[in-house]
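Undergrad: pasted the sequence and its predicted model underneath.
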Amino acid sequence: MKKYVIVGTGSRGLDSYGRPLVENYKDCAELAAVCDINGKRARYAAGCLGNIPAYTDFDLMLQEQKPDVVIVTCKDCAHEEYTVKALEFGCDVITEKPMTTDEKMCANILEAEKRTGHKVTVTFNMRFMNFCVRLKELMNEGIVGDVLSVHYEWLLDTNHGASYFRRWHSIRACSGSLLIHKSTHHFDLLNWLIDDEPVKVNAFGTRRFYGHTREERGERCLTCPYQKSCEFYLNIETEDRGEMKKMFLDCEDEDGYIRDRCVFSDEIDIEDSVSVNVRYAKGAVMSYSLTAHSPYECMKLVINGAKGRIEADTAFGGEHIRFYNREGECIVYDRTRVKPLPGGHGGADPAPRDNLFRGYTEDPLHQMADTRAGAMSIGIGIAANKSMAEDRAVYLKEFLGDFYPELK
């Protein structure tokens, strides 16, 4: 029986870890306490979880609860602080992606893990989605042979994409940009699929859809005079069956965080469109683009190899995988009728939770991710941010070479 605590009581902390721990894992795990810099939100979450202790002081929680494992689900830029403190206290850590947001904090986590001997697990739930698992199985079978090049596009529609621009995610100092917060999912997925690591990155980005691009705007949706005409209006008082009001609106006076800020705010300083080129250690090259204002949501992935080409996409509710071999044949792996599994992220969340809380002895597809995987995924985003800021190509060895000298 291990004792867990959670730092960060937003929806991810409460719904993806807190509630499942107290409802499904009582036989092997104890959720001892939660912590948040917002005391009201911490107390609300604690009440939802059986009135366990709620803290605003992380150090005090560690001292009083003495947990075995700390689950980090707070704002991205704070992951490093809590992860390092937990490791130094003698705990293992489960951290949401991204592992952290810049090269200095990444180095601090890698150094602390090595120094303390305790373990950090980075949760990449996309590795557990049925569609992605099937792609990994095909790649492990060697279906394309040596990987030569990758074309990768991710489209966020204006429901999903806009959600990031209402929240702290749209402030670079908090999230590191979508290249860190969101794209770390995508970069990790590809690194895992092709079993390779990135070495060099060049990137471009723009912000032309969100941010100060229209004058008809207010500070927030709740008080905006353009509620009736704005297609991005969000009713924070009724959204998510009223839980958003309880978690954020009712807690604003503690820290001033506005959850329904205007997506056209001039405070926004991240890109809404990015284009990234990556060279991998084994020679493959990748072109990646992220669009956060698409009319529809979709992943499009093409992997070209010595034996042929895989084309995979999730367009319009389907899951399509096609393989084109060198004999001119097209083999279709039809997944459009696969019934989604229950649970968050298309049924992907329950599987890693079982591995995390019940333990596992086998991991044939290497779905459980460590700090190296976490560093390589944010490494692309960190390098891309540096590339845009400094107008040059960036090698990951510039900031990860001390830990992974084999990077070239």
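TA: Ah, there it is.
Undergrad: which residues does residue 116 contact?
TA: 87, 88, 90 (CB atoms under 8 Å, 6 or more residues apart in numbering). In short, each C-beta sits where N, CA and C put it, glycine included.
Undergrad: shaky segments in the stretch 101-250 of the chain?
TA: Under the criterion pLDDT under 70, no range of the stretch 101-250 of the chain is flagged.
Undergrad: any idea where the strands of it begin and end?
TA: 120-123, 147-157, 198-206 (DSSP state E, counting those that start in this stretch).
Undergrad: just the C-alphas of the longest one, formatted as CSV.
TA: Taking only C-alpha atoms (Å, rounded to 0.1, in the frame of the first residue of the first chain), the coordinates of strand 147-157 have been written out as CSV:
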residue,chain,number,x,y,z
VAL,A,147,12.3,5.2,-41.4
LEU,A,148,13.4,7.8,-44.0
SER,A,149,11.1,10.8,-43.4
VAL,A,150,7.9,11.9,-41.6
HIS,A,151,5.2,14.4,-42.4
TYR,A,152,3.2,15.2,-39.3
GLU,A,153,0.2,17.6,-38.9
TRP,A,154,-1.9,18.3,-35.9
LEU,A,155,-5.1,20.3,-36.3
LEU,A,156,-7.0,21.7,-33.2
ASP,A,157,-10.4,23.0,-34.0
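Undergrad: mind listing what's buried along the helix or strand containing residue 389?
TA: Residue 389 belongs to helix 371-390 when elements are defined using DSSP states H and E. For helix 371-390, a neighbour-count test (16 or more other CB atoms under 10 Å) marks 371-388 as buried.
Undergrad: cool, stretch 223-239 as well?
TA: Buried residues in stretch 223-239, counted by 16+ other CB under 10 Å: 224, 226, 230, 232, 234, 236, 239.
Undergrad: that older thread, relative orientation of the helix holding residue 389 and strand 198-206 in degrees?
TA: Here the directions of helix 371-390 and strand 198-206 differ by 40 degrees (axes from the mean of the first three to the mean of the last three CA atoms, to 10 degrees).
Undergrad: and the helix or strand that helix 371-390 is followed by, what other elements does it pack with?
TA: The helix or strand immediately downstream of helix 371-390 is strand 394-395, counting by DSSP H and E. Strand 394-395 sits against strand 198-206, helix 371-390, with contacts defined as 3 or more CB pairs under 8 Å, 6 or more residues apart in numbering; DSSP states H and E.
Undergrad: can you show me the strands along the stretch 251-400 of the chain?
TA: 273-280, 285-294, 298-305, 308-313, 320-325, 330-334, 394-395.
Undergrad: going by mean pLDDT, which of those strands comes out lowest?
TA: Sorting the strands of the stretch 251-400 of the chain by mean pLDDT places strand 330-334 lowest, at a mean of 90.
Undergrad: measure residue 48 to residue 163 for me?
TA: 22 Å (CB to CB, to the nearest Å).
Undergrad: comparing those two, which shows the higher neighbour count?
TA: Each of residue 48 and residue 163 has its neighbours counted (other CB atoms under 10 Å); residue 48 has more, 19 against 16.
Undergrad: contacting residues around that one?
TA: 14, 18, 19.
Undergrad: which residue comes closest to the first one once chain neighbours are left out?
TA: Beyond its immediate neighbours in the sequence, the residue positioned closest to residue 14 (CB to CB, 6 or more residues apart in numbering) is residue 45, lying 5.0 Å away.
Undergrad: and the residue nearest to residue 354 when sequence neighbours are not counted, how many neighbours does it have?
TA: What sits nearest to residue 354 in space, not counting adjacent residues and going by CB to CB, 6+ apart, is residue 360, at 7.7 Å. Residue neighbour count, defined by other CB under 10 Å, stands at 12 for residue 360.
Undergrad: likewise residue 181?
TA: Other residues close to residue 181 by other CB under 10 Å number 25.
Undergrad: for it, give me its contacts.
TA: Contacts here follow CB under 8 Å, 6+ apart; on that basis residue 181 touches 76, 98, 101, 164, 169, 175.
Undergrad: let's see it at 6 Å
TA: Neighbouring residues of residue 181 by CB atoms under 6 Å, 6 or more residues apart in numbering: 76, 169, 175.
Undergrad: ok, the closest residue to it other than its chain neighbours - contacts?
TA: Distance criterion CB to CB, 6+ apart; nearest residue to residue 181, sequence neighbours excluded, is residue 175 at 4.2 Å. Going by CB under 6 Å, 6+ apart, residue 175 touches 76, 169, 181.
Undergrad: for the chain, which residue is closest to the average position?
TA: Taking CA atoms, centre = their mean as the criterion, residue 97 is the residue nearest the geometric centre of the chain, at 4.1 Å.
Undergrad: tell me if I'm right that it and residue 183 touch.
TA: No - here residue 97 lies out of contact with residue 183, judged by CB atoms under 6 Å, at a distance of 10.1 Å.
Undergrad: got phi/psi on residue 20?
TA: phi -60, psi -40 (degrees, to the nearest 10).
Undergrad: and the gap between it and residue 372?
TA: On the measure of CB to CB, residue 20 and residue 372 end up 27 Å apart.
Undergrad: mind listing what residue 294 touches?
TA: 155, 157.
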